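Engineer: okay, here's the prediction I keep looking at, along with the sequence it came from:
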Amino acid sequence: MAKLELQNLNKTYTPKVVPVKDVSVSVEDGEFLTLLGPSGCGKSTILRLIAGLEAPTRGRITIAGRDVSRMSPGDRNIAMVFQSYALYPHLSVYDNIASGLKLRGKLSGEEIRQRISEVSHVLGLDELMSRKPGQLSGGQRQRVAVGRALVRRPDVFLLDEPLSNLDALLREHVRAELKQLFEAQNTPVVYVTHDQTEAMTLSTKVAVLSNGSVQQLASPQRIYTHPANQFVAGFVGSPQMNLLTLPCQGQYALLGDTKIPLPAGITAPKQISLGIRPEHVALVGDEVPQAVTVQGKIFLVENLGMQNLLSVQVQHQQAHQIKLRALLPADHKWDGEVVSLALPLDRIHWFDVETGDRLNP
Ligand SMILES: Nc1ncnc2c1ncn2[C@@H]1O[C@H](COP(=O)(O)OP(=O)(O)OP(=O)(O)O)[C@@H](O)[C@H]1O
């Protein structure tokens, strides 16, 4: 058992630079936590705090119940994979993988050979063991860096954007490899990325961060279906969720000339923020139960291969413009520029205009 716990973790550099604010998260054995957020939100700082490369200003880090907050990195039994891979250019693949173990100095030569051979086999590196990093592709270097982490059998794995130097195709391939690999380990993993596809596909849970604070901590599915606030709603999902600020009239929000009933329990405000994902906007005529319809004029069609992304200007009496995007399967046809869109009520997210908080359950 090597549960990792972050308790009220804070890091302050200057009064104005506080990259980690009261972060509390636990990661059990076999759990894969992704820290997801835009550049500068504090992801790498959290990882560096866990690794011991930085000291927290406040709060505690425990591994298997043991407080490691003030321990040196070498005593924490954590393995970290960096974005840059950080391989030794003058050493062979074998020696690079062995480097973590040799430094620890507790294993015999035979044990070291045994562990490296297991890891190289799992990662498909057997043929490359005598090469130097300069003679490897990006994907192979990345595997060596992961191998060096695996061979240590650490209590916790930390990975800082390990796929960001790979091209799109290779990234997809290595992502699937990593998923299989870490599913087979029964060790907590903390993974940092700003790529939501990686977060959604790899993780058992995701912490979405903004400005050093956790905005939502939940399963990838929950974050997609029930974003806790407007930031999470806008950050997770591609194409991005439609987010519209609408006036209210009684228990209805007004989208152009369409009245959309607010769910019971929401006290009618003056204005409300409506969210709906492009993939949930359909064409009228498709079988959509319990939907409101909105008329609009298509001003852009983007062909994404499997789907078409339609940008539609909603038709209404008021002066300001309202735009909606709809993601339709490529075989769905429409006639002319004017279309009727169906917005299923159970797919609509409501947010407080002031705080951004989610209003529907
Ligand atoms: N040593 C430092 N001294 C002062 N400020 C720092 C230091 N390290 C990081 N910061 C600041 O802390 C904030 C968070 O940085 P961090 O690297 O954790 O973000 P990130 O989410 O990992 O970003 P990215 O995705 O761009 O790597 C940034 O505003 C950064 O400029």
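Structural biologist: Received, thanks.

Engineer: for the ligand, what are the nearby residues on the stretch 101-250 of the chain?
Structural biologist: By the rule CB under 6 Å from any ligand atom, the part of the stretch 101-250 of the chain lying against the ligand is residue 194. From N, CA and C alone the C-beta is placed, and that goes for glycine too.

Engineer: which stretches of the stretch 101-250 of the chain form helices?
Structural biologist: Ranges of helices in the stretch 101-250 of the chain, per DSSP state H, counting those that start in this stretch, are 109-122, 138-150, 168-183, 196-202, 220-225, 230-235.

Engineer: what about the closest residue to the ligand within the stretch 251-361 of the chain, how many residues nearby?
Structural biologist: Closest approach between the stretch 251-361 of the chain and the ligand, counting by CB to the nearest ligand atom: residue 356, at 19.8 Å. Neighbourhood size, residue 356 [other CB atoms under 10 Å]: 17.

Engineer: equivalent analysis for residue 340, please.
Structural biologist: As a burial measure, residue 340 scores 13 neighbours (other CB under 10 Å).

Engineer: and for the one 3 residues further on?
Structural biologist: Applying other CB under 10 Å, we find 23 other residues in the vicinity of residue 343.

Engineer: quick revisit: can you lay out the helices of the stretch 101-250 of the chain as TSV showing mean pLDDT?
Structural biologist: Listed next are these as TSV, based on pLDDT from 0 to 100:
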stretch	mean pLDDT
helix 109-122	87
helix 138-150	88
helix 168-183	84
helix 196-202	91
helix 220-225	96
helix 230-235	96
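
Engineer: would a markdown table of these with mean neighbour count and distance to residue 246 be doable?
Structural biologist: Listed next are the helices of the stretch 101-250 of the chain as a markdown table, based on neighbours: other CB atoms under 10 Å; distance: least, CB to CB, whole Å:
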| stretch | mean neighbour count | distance to residue 246 |
| --- | --- | --- |
| helix 109-122 | 15 | 53 |
| helix 138-150 | 23 | 46 |
| helix 168-183 | 15 | 37 |
| helix 196-202 | 20 | 26 |
| helix 220-225 | 17 | 22 |
| helix 230-235 | 22 | 13 |
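
Engineer: give the contact list for the closest residue to residue 75 other than its chain neighbours.
Structural biologist: Nearest residue to residue 75 in three dimensions, chain neighbours excluded: residue 68, at 7.5 Å (CB to CB, 6 or more residues apart in numbering). Listed by CB atoms under 8 Å, 6 or more residues apart in numbering, the contact partners of residue 68 are 52, 61-62, 75-76.

Engineer: selecting buried members of those in PyMOL, what would you type?
Structural biologist: Selection of buried members from the contacts of residue 68 for PyMOL, criterion 16 or more other CB atoms under 10 Å:
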select buried, resi 52+61+76
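
Engineer: could you find the lowest-pLDDT member of the contacts of residue 68?
Structural biologist: Comparing pLDDT over the contacts of residue 68, the lowest score belongs to residue 75 (89).

Engineer: got phi/psi on it?
Structural biologist: phi -90, psi 0 (degrees, to the nearest 10).

Engineer: what pairs with whichever helix or strand residue 253 is part of, parallel or antiparallel?
Structural biologist: Taking DSSP states H and E as the criterion, residue 253 maps to strand 252-255. Sheet pairing of strand 252-255 (DSSP bridges) gives strand 242-249 (antiparallel), strand 258-261 (antiparallel).

Engineer: okay, these in a markdown table with mean pLDDT and mean neighbour count next?
Structural biologist: Listed next are these as a markdown table, based on pLDDT from 0 to 100; neighbours: other CB atoms under 10 Å:
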| stretch | mean pLDDT | mean neighbour count |
| --- | --- | --- |
| strand 242-249 | 94 | 16 |
| strand 258-261 | 92 | 16 |
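
Engineer: and the ones you listed as TSV, adding distance to residue 106?
Structural biologist: Shown next, in TSV, are those (distance: least, CB to CB, whole Å):
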stretch	distance to residue 106
strand 242-249	54
strand 258-261	65
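
Engineer: and residue 277, which of those is closest to it?
Structural biologist: Closest to residue 277 of these is strand 242-249 (CB to CB; 7.3 Å).

Engineer: residues making contact with that closest one?
Structural biologist: Applying CB under 8 Å, 6+ apart, the external contacts of strand 242-249 come out as 230, 233-234, 253-255, 259-260, 262, 268-278, 281, 322-325, 351, 353.
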